[in-house]
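Asks: Based on what follows, work out the 3D shape:
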Amino acid sequence: MSDATERPDLDADAWADACAEDLEEEKARRRAEYGTPPGSAAKELRKLLGAVADKVSEFQTSLPGVAAQSAVQQFVNQAKSAVEPVIERNPQVFDHLAAAGGELLAAYRSAVQGHEHRWTQRAADPSADPAAKQPERKPDDEQGPGEQIDLD
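Replies: Reported below is the predicted structural model:
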């Protein structure tokens, strides 16, 4: 028999254990440096609802009248009772919605950056502006209702 088969296998998962330990140490270091990472979108929504409910409860003491205070409390309770079952049944939906929102934000940011680039390029070089080469306009009193004014 070879030497490898004769030795008893003391810890077959030593590499996996070492990697798991390293990963936990890295997670602990990141938590210490950056704080607790955000949870799922459903957990974050629950935390948001809790924070809003707490803040509304604080404001209730400054609201005049018992009717206003009870109306606010009823609104908060209705909102929580409407959202909680949705979160319980479909927690993944909120993760998908959060991802979709991130994609929409990235698309918007891309569009805005493109426009900003063109606007700043026009400001730096007015000859590059196609609007600068427009024909001469008539005075305001001579313009008819069908004439278009380019605002871009």
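Asks: Beyond the lowest-mean-pLDDT helix or strand in the chain, next helix or strand please.
Replies: Ranked by mean pLDDT, DSSP states H and E, the weakest helix or strand in the chain is helix 3-6, scoring a mean of 56. Downstream of helix 3-6, the next assigned helix or strand under DSSP states H and E is helix 14-34.
Asks: Report the buried residues of that following helix.
Replies: Judged by neighbour count (16 or more other CB atoms under 10 Å), helix 14-34 contains no buried residues. Heads up, the C-betas are built off the backbone N, CA and C, glycines and all.
Asks: Let's see it as CSV, backbone CA atoms only.
Replies: Listed in CSV are the C-alpha atoms of helix 14-34, where the atom choice follows Å, rounded to 0.1, in the frame of the first residue of the first chain:
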residue,chain,number,x,y,z
ALA,A,14,-9.4,20.4,7.3
TRP,A,15,-9.3,22.6,4.2
ALA,A,16,-13.0,23.3,4.3
ASP,A,17,-12.8,24.1,8.1
ALA,A,18,-9.9,26.5,7.5
CYS,A,19,-11.8,28.2,4.7
ALA,A,20,-14.9,28.6,6.8
GLU,A,21,-12.9,30.0,9.7
ASP,A,22,-11.2,32.5,7.4
LEU,A,23,-14.5,33.5,5.9
GLU,A,24,-16.0,34.1,9.4
GLU,A,25,-13.0,36.2,10.4
GLU,A,26,-13.4,38.3,7.2
LYS,A,27,-17.1,38.7,7.9
ALA,A,28,-16.4,39.8,11.4
ARG,A,29,-13.7,42.3,10.2
ARG,A,30,-16.1,43.8,7.7
ARG,A,31,-18.9,44.1,10.3
ALA,A,32,-16.5,45.9,12.6
GLU,A,33,-15.3,48.2,9.8
TYR,A,34,-18.6,48.8,7.9
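Asks: Show me what that helix is packed against.
Replies: In this structure, helix 14-34 packs against no helix or strand, with contacts taken as 3 or more CB pairs under 8 Å, 6 or more residues apart in numbering; DSSP states H and E.
Asks: Average pLDDT for it, rounded please.
Replies: On average, the pLDDT along helix 14-34 is 88.
Asks: That helix: what's the following helix or strand?
Replies: Following helix 14-34 in sequence order, the next helix or strand is helix 41-60 (DSSP H and E).
Asks: Please report how far V76 lies from S40.
Replies: 23 Å (CB to CB, to the nearest Å).
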